[in-house]
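Participant: output the structure for:
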Amino acid sequence: MSDGIEKVRLGETGLEVTTICFGTSSLGDMPGTYGYPVDEERARATLRAIFAGPVNFLDSSRNYGMGRSEERVGQVIEELGGLPPGFVISTKLDRDMETRHFDAARARRSLEESLAALHLDRIQLLHLHDPEHAVDLAEITKKGGAIDELFKMKEEGLVDAVGLAAGRTDIMLPILKDWPFDALINHNRYMLTNRHAEPMLQFAHERGIAFLNAAPYAGGVLAKGTTAHPRYVYQEAADEMLAPVRAIEAICAKHGIPPGAAALQFSMREPRITSTICGVSKPERVTQTLEWASYPIPEAAWDDLMALPFATDDPEATRVYDPG
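Facilitator: Numbers count the residues shown, from 1 in each chain. Prediction:
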């Protein structure tokens with residue numbers, strides 16, 4: 001244990017990570033996704049708070065904010081004189097954002113761009129990202145394609161572990177069955193309001209693949225509240241969409257607990273989940289996340305929360321994807 005945050009082994013690798021990972025997509029300034037901007041100084045202050053705290057796990061991507069997320073992470077790593085000992089960086093290979101091509105050559109360029117932006121010579125955990133948004137899935141999955149290139153990077157010692165990070169489980173599962181990935185990231189599909197990823201979660205557990213559960217707050221609404229943030233999985237949300245969240249808010253009010261603490265601990269309580277990725281966009285959210293992780297929640301509250309109905313459809317099926 002480290003200040004109440006446990007460290008666990010990442011799947012069957014030699015990496016040890018905390019059961020909370022901080023996500024940095026919003027730190028790349030992505031108002032199209034999150035509904036608000038994040039300037040460079042706020043992003044740096046948030047990253048300093050992450051590196052100074054008990055969590056040893058941070059997740060970014062080549063395309064978050066069109067490169068700004070990794071650049072800002074790298075600036076703070078450089079400011080600190082290098083990556084702190086024992087800290088694990090997770091980032092992602094991304095398609096060409098203009099042409100959407102994602103072949104082996106693009107995968108190699110993506111890694112080179114990440115290493116330069118992060119001021120690192122290796123990556124501990126590197127994922128192939130968002131194959132559903134590439135122009136041609138075959139470029140990724142064919143012999144000599146982007147996935148083969150990812151595993152080649154591992155053989156070359158440029159990365160310690162490799163993963164698959166995406167949203168659509170119908171695309172992820174066949175890929176996971178065909179390659180020996182160490183980890184996976186899925187977002188918005190295993191949370192209090194929705195369990196769409198349950199079959200994939202069980203598959204990963206049986207295969208020894210570390211399941212990294214991103215976005216436990218349904219895009220922020222379970223952390224900020226339906227009044228302050230009436231959005232659901234990165235979409236403007238009508239009353240019908242927010243009704244399940246309001247039901248959670250009512251139970252949490254009854255028991256005197258923050259809905260964000262319940263949403264976070266729902267993921268952390270699941271033994272098949274290795275780490276929960278929580279996006280943060282200001283230093284106060286780093287502190288709040290750590291407080292929520294250990295917030296006392298009575299069993300009676302869990303009984304009420306777990307009795308609520310939940311959806312199993314894909315919550316992002318209606319989302320209009322905006323990479324900015």
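
Participant: for the stretch 51-200 of the chain, what spans make up the strands?
Facilitator: If DSSP state E, counting those that start in this stretch is used as the criterion, the strands of the stretch 51-200 of the chain fall at 57-59, 88-93, 123-129, 159-166, 183-187.

Participant: can you give the strand pairings for the second one, parallel or anti for each?
Facilitator: By that I understand strand 88-93. Here strand 88-93 has these sheet partners by DSSP bridges: strand 57-59 (parallel), strand 123-129 (parallel).

Participant: closest one to Glu112 among those strands?
Facilitator: Nearest to Glu112 among the strands paired with strand 88-93 is strand 123-129; the distance by CB to CB comes to 11.2 Å. (Glycine included, C-beta is placed from N, CA and C.)

Participant: now the angle from that closest one to strand 159-166?
Facilitator: Put simply, strand 123-129 runs at 30 degrees to strand 159-166, going by axes from the mean of the first three to the mean of the last three CA atoms, to 10 degrees.

Participant: which other residues reach strand 123-129?
Facilitator: Residues outside strand 123-129 that contact it (CB atoms under 8 Å, 6 or more residues apart in numbering) are 10, 15, 61-63, 88-95, 107, 111, 114-115, 140, 146-147, 150, 153-154, 158-166, 182-185.

Participant: just to revisit the earlier point, TSV for the strands of the stretch 51-200 of the chain, including mean neighbour count, mean pLDDT and distance to Val38?
Facilitator: Below are the strands of the stretch 51-200 of the chain laid out as TSV (neighbours: other CB atoms under 10 Å; pLDDT from 0 to 100; distance: least, CB to CB, whole Å):
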stretch	mean neighbour count	mean pLDDT	distance to Val38
strand 57-59	26	98	15
strand 88-93	27	98	18
strand 123-129	26	98	20
strand 159-166	22	98	21
strand 183-187	26	98	18
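
Participant: please render the ones you listed as TSV that adds distance to Ser275 to the earlier fields.
Facilitator: Converted to TSV, the strands of the stretch 51-200 of the chain look like this (distance: least, CB to CB, whole Å):
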stretch	distance to Ser275
strand 57-59	6
strand 88-93	9
strand 123-129	10
strand 159-166	12
strand 183-187	9
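
Participant: of all the strands paired with strand 88-93, which lies closest to Glu270?
Facilitator: Nearest of the strands paired with strand 88-93 (CB to CB): strand 57-59, 17.0 Å.

Participant: what are the contacting residues of that closest one?
Facilitator: Contacts for strand 57-59 (CB under 8 Å, 6+ apart): 17-18, 20-24, 50, 73, 87-91, 185, 212, 214, 275, 277.

Participant: please apply the same query to stretch 226-245.
Facilitator: So stretch 226-245 is in contact with 33-35, 188, 193, 215, 218-223, 246, 249, 259, 308-311, 315-316, 318-320, 322, going by CB under 8 Å, 6+ apart.

Participant: again, only using 7 Å
Facilitator: Residues from elsewhere that reach stretch 226-245, judged by CB atoms under 7 Å, 6 or more residues apart in numbering: 33, 35, 188, 193, 218-222, 246, 249, 315-316, 318-319.

Participant: CA atoms of it as CSV?
Facilitator: Output in CSV follows, covering the C-alpha atoms of stretch 226-245 (Å, rounded to 0.1, in the frame of the first residue of the first chain):
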residue,chain,number,x,y,z
THR,A,226,-26.3,16.4,-13.5
THR,A,227,-27.0,20.0,-12.8
ALA,A,228,-23.4,21.3,-13.3
HIS,A,229,-22.5,18.8,-16.1
PRO,A,230,-25.6,17.6,-18.0
ARG,A,231,-23.6,15.5,-20.4
TYR,A,232,-23.3,11.7,-20.7
VAL,A,233,-20.4,9.8,-22.2
TYR,A,234,-19.2,13.0,-23.9
GLN,A,235,-22.6,13.9,-25.4
GLU,A,236,-25.1,16.6,-24.5
ALA,A,237,-27.7,14.6,-22.6
ALA,A,238,-31.5,14.8,-22.5
ASP,A,239,-33.5,14.1,-19.3
GLU,A,240,-34.0,10.5,-20.3
MET,A,241,-30.3,9.9,-20.7
LEU,A,242,-29.6,11.4,-17.3
ALA,A,243,-32.3,9.6,-15.4
PRO,A,244,-30.1,6.7,-14.3
VAL,A,245,-27.5,9.1,-13.0
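
Participant: can you give me the buried ones in it?
Facilitator: Thr226, His229, Pro230, Arg231, Tyr232, Val233, Tyr234, Ala237, Met241, Leu242, Pro244, Val245 (16 or more other CB atoms under 10 Å).

Participant: pLDDT and distance to Glu299 added to these, as JSON lines?
Facilitator: Formatted as JSON lines, these follow (pLDDT from 0 to 100; distance: CB to CB, whole Å):
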{"residue": "Thr226", "pLDDT": "97", "distance to Glu299": "26"}
{"residue": "His229", "pLDDT": "94", "distance to Glu299": "29"}
{"residue": "Pro230", "pLDDT": "95", "distance to Glu299": "31"}
{"residue": "Arg231", "pLDDT": "94", "distance to Glu299": "31"}
{"residue": "Tyr232", "pLDDT": "95", "distance to Glu299": "28"}
{"residue": "Val233", "pLDDT": "94", "distance to Glu299": "29"}
{"residue": "Tyr234", "pLDDT": "89", "distance to Glu299": "33"}
{"residue": "Ala237", "pLDDT": "92", "distance to Glu299": "30"}
{"residue": "Met241", "pLDDT": "94", "distance to Glu299": "29"}
{"residue": "Leu242", "pLDDT": "97", "distance to Glu299": "27"}
{"residue": "Pro244", "pLDDT": "98", "distance to Glu299": "22"}
{"residue": "Val245", "pLDDT": "98", "distance to Glu299": "22"}
